[in-house]
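In: Next come a sequence and a model predicted from it.
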Amino acid sequence: MPAQRYSTREMIAKLISFDTTSRNSNLDLIAFVEDYLASHGITSTRVANEDNTKSNLFATIGPRERAGGIVLSGHTDVVPVDGQDWESDPFEVVERDGYLFGRGTSDMKSFIGCALAAVPDFIAADPSLPVHLALSYDEEVGCLGVRPMIETIIRDLPRPQVVIVGEPSNMKVVNAHKGIRSYYTTVTGLEFHSSQTHQGVSAIQYAAELITELMRLAEEMRQRGDASGRFTPPYTTINIGMIKGGTAVNIIPHTCSFAWEYRSLPDADETEILTRLNAFAEKVVLPRMRAVYPKTSITTLVRAESPGLAACEGDPGETLVMKLAQCNTAEAVSYNTEAGLFQMADIPTVICGPGSIDQAHKPNEFIALSQIAECDRFMARLADFVRRA
């Protein structure tokens, strides 16, 4: 098979053309990358989900058995475009005024495109240290897919020197971010005619009490603040994202459910808010509900949980990435990534990728061509480093 060649611009356009919205399969994209790498003599390893509808992909350029390699990590899934007002086809790259528009241009297929376009340069460097490519699925729905791939890396490879997660950071180095935990809470009451409020149990009324308690906790978190002074906003945050309940205005509502999340500082107790809400439900809310009807309930189910990334300043891997990015300082961000999961596996991890998080998930998502050029230079410096290492 002749070696396939793509410019970075061509590779990004190819990746964007695959509709890898998280609800869809990413296998077409994975097969394309697999074939591309195979054309350069690189063998890939798939780590699929249980029903084989999605897969991670892991590949190594250079001596796979050597410790101290550099992992370039990115997620292949994107968020939906449903209901968004796009001026062009979101799955076709459009270049305009120095920007590339398309779903995933910023978050985060441009980083993957830069890494894949640099594969011939990595190979030509005849690297003495390996460069690993790690592509995941289902990051946007809770950092789900990368977990079995991390297990594979730990089991099958010598310990890498650093993982570079290419989330959009304007090519700045990020060494800390908040954790995220999200939940579905369902309140089940007792339907009754709305004139008989003393005999019914309003699920909406008691859900409102739980939400009010969460907002009280949110204010407490705001008052505690951020001792490090690095995050914006500088505290753990709580958000109620969706709520649904009731049948009609003249029926006491039987059920009410709401989806909520909190984004905690890396050094915070990640279980505190859920523990305190559950205690409030059990001790304050449920006794009053069950005094009217014993079979009422409040249940909270996990939607997604992903840890924060804690700064490890002075780590050799972080120092290397700062040198490659030509940065003197590292930053902290409030969005969550797969980086915390790599760190939990005792692999030094930082974030550094092209584009701005301000464009992620929006209609007419874009990335500046200057950011892509900067990421290309980063990859060139990495190729030079593994050559001389």
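Out: Received it, and whenever you're ready, just let me know what you need. Every value quoted in this text rests on a predicted model; they were computed, and no experiment measured them.
In: What segments of the stretch 151-300 of the chain are helices?
Out: 203-224, 272-280, 286-292 (DSSP state H, counting those that start in this stretch).
In: What is the shortest one packed up against?
Out: Using 3 or more CB pairs under 8 Å, 6 or more residues apart in numbering; DSSP states H and E as the contact test, the elements touching helix 286-292 are strand 297-306. Where you see a C-beta, it was placed from the backbone N, CA and C, and this is true even at glycine.
In: which is the next helix or strand following the strand it packs on?
Out: helix 316-325 (DSSP states H and E).
In: looking only at pLDDT, what's the mean for stretch 225-241?
Out: For stretch 225-241, the mean per-residue pLDDT is 95.
In: Any idea how far it is from the middle of the chain?
Out: Taking CA atoms, centre = their mean, to the nearest Å, one finds stretch 225-241 lying 18 Å from the centre of the chain it belongs to.
In: Could you give me the buried positions within that stretch?
Out: Residues 226, 230, 231, 234, 235, 236, 237, 238, 240 are the ones in stretch 225-241 that count as buried (16 or more other CB atoms under 10 Å).
In: Next, work out how far apart the closest residue to the fifth one other than its chain neighbours and residue 234 are.
Out: Which is residue 235. Distance criterion CB to CB, 6 or more residues apart in numbering; nearest residue to residue 235, sequence neighbours excluded, is residue 222 at 4.7 Å. Shown here: residue 222 relative to residue 234, a distance of 9 Å by CB to CB, to the nearest Å.
In: Now flag whichever of the buried residues of stretch 225-241 is closest to residue 189.
Out: Closest approach to residue 189 among the buried residues of stretch 225-241 (CB to CB): residue 240, at 18.8 Å.
In: any idea how far that closest one is from residue 208?
Out: Distance, residue 240 to residue 208, using CB to CB: 11 Å.
In: again, but for residue 5
Out: On the measure of CB to CB, residue 5 and residue 208 end up 60 Å apart.
In: Neighbour count: these two, which is higher?
Out: More neighbours surround residue 208 than the other of residue 5 and residue 208, with 16 against 13 (other CB atoms under 10 Å).
In: pLDDT at the more buried one, what is it?
Out: 98.
In: what residues are up against it?
Out: Going by CB atoms under 8 Å, 6 or more residues apart in numbering, residue 208 touches no other residue.
In: and what of residue 152?
Out: 45, 47, 58.
In: For the helix or strand containing residue 111, enumerate the helices and strands it packs against.
Out: Secondary structure assigned from DSSP H and E places residue 111 in helix 110-117. Applying 3+ CB pairs under 8 Å, 6+ apart, one finds that helix 110-117 makes contact with helix 8-16, strand 70-75, strand 131-136, helix 369-388.
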